[in-house]
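Engineer: pasting a predicted model and its sequence here:
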Amino acid sequence: MTLHEIGRIKQVQVQRASLKAGERPYRYYDPTPLLVVDGLLLSPGGVIGLSANGEQVIDVHNTGHPASKNQRGLNGISIGFTSHYQAMRERYGLHLADGIAGENILVESDRDFALADLGERLAIRTAGGALVYLADLLVAAPCVEFSQFAASQGEKLPPEALKDALQFLHDGRRGFYARPAGELEGATVRAGDAVFADFHAADPRERAA
């Protein structure tokens, strides 16, 4: 196992409902359902936010959410980087505050990351010293609604401008999806936890959700 620290968690959050509002063709991106939480409880079905007083808030990508947007277990957990937000703000503006794209785990970093930079899986060292693994990493492709929100604060973009925004936000700039791996009973991650890229997972069985 070869771990390389890539940053520390800045914040954890949940999506209480879908961030896409309205009906086609007038759907738009609405970050209102986002909620920063004290901790994030990981499970094979997705994540549950934990408030400072212990209240549980289920994420819309958890299989247990009544309006679940979980896609065959592939998008139960999402990860983003502050460096990617900096790049988005430099291109599109200050409305793109850290976390507004909706990732569950936001990692503080001063460099950009492509999928290949994250190794075979990610490892998070919790405050108690345990390592929690996230495997099956995928690029989170940007949707039209978020791309329009990013590039024009929600105004409908001409086709070429929309294509340009979708391309700029792709390849991991919008973020990544992952699935929990290994033993996860009671695993909780919080702001301040260290995040590592694992380039040589020791046991292939640990990569299974």
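Structural biologist: Yep, that arrived. Numbers count the residues shown, from 1 in each chain.
Engineer: excluding chain neighbours, what is closest to residue 48?
Structural biologist: Leaving aside its sequence neighbours, residue 48 sits nearest to residue 41 (CB to CB, 6 or more residues apart in numbering; 4.4 Å). Glycine gets a C-beta too; all of them are placed from N, C-alpha and C.
Engineer: for the one you found, list each beta-bridge partner.
Structural biologist: residue 48, residue 188 (DSSP bridges).
Engineer: you'd agree residue 41 is up against residue 47?
Structural biologist: Yes - between residue 41 and residue 47 there is a contact under CB atoms under 8 Å: 6.5 Å.
Engineer: which one's more surrounded, the two?
Structural biologist: residue 47 (28 against 21; other CB atoms under 10 Å).
Engineer: not counting residues beside it along the chain, what's closest to the more buried one?
Structural biologist: residue 59 (4.8 Å).
Engineer: next up, the contacts around the one you found.
Structural biologist: 14-16, 46-49, 65, 104 (CB atoms under 8 Å, 6 or more residues apart in numbering).
Engineer: mind listing the helices for the chain?
Structural biologist: Taking DSSP state H, the helices of the chain run over residues 82-92, 144-152, 159-169.
Engineer: hmm, back to that, out of the contacts of residue 59, who's nearest residue 96?
Structural biologist: Within those, proximity to residue 96 (CB to CB) peaks at residue 15, which comes in at 16.8 Å.
Engineer: name the nearest residue to residue 5, sequence neighbours excluded.
Structural biologist: residue 196 (5.3 Å).
Engineer: in stretch 12-30, what's buried?
Structural biologist: 12-16, 18-19, 28-30 (16 or more other CB atoms under 10 Å).
Engineer: now distance to residue 72 too, for those residues, in CSV please.
Structural biologist: Converted to CSV, the buried residues of stretch 12-30 look like this (distance: CB to CB, whole Å):
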residue, distance to residue 72
12, 24
13, 23
14, 20
15, 18
16, 22
18, 18
19, 20
28, 26
29, 24
30, 25
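Engineer: nearest to residue 97 among these?
Structural biologist: residue 13 (11.9 Å).
Engineer: next, count neighbours for the nearest residue to that closest one once chain neighbours are set aside.
Structural biologist: Nearest residue to residue 13 in three dimensions, chain neighbours excluded: residue 36, at 4.7 Å (CB to CB, 6+ apart). Applying other CB under 10 Å, we find 13 residues neighbouring residue 36.
Engineer: same check on residue 51?
Structural biologist: 13.
Engineer: and for residue 69?
Structural biologist: 17.
Engineer: do I have it right that it meets residue 18?
Structural biologist: Yes - contact criterion CB under 8 Å: residue 69 and residue 18 qualify, at 6.2 Å.
Engineer: now list whatever residues contact both of those two.
Structural biologist: residue 60.
Engineer: which of the helices of the chain sits most buried?
Structural biologist: Neighbour counts (mean count of other CB atoms under 10 Å) averaged over each of those peak at helix 144-152, with a mean of 22.
Engineer: what does stretch 17-33 rub up against?
Structural biologist: Taking CB under 8 Å, 6+ apart as the rule, stretch 17-33 contacts 15-16, 34, 60, 67, 69, 100, 102, 143-146, 148-149, 154.
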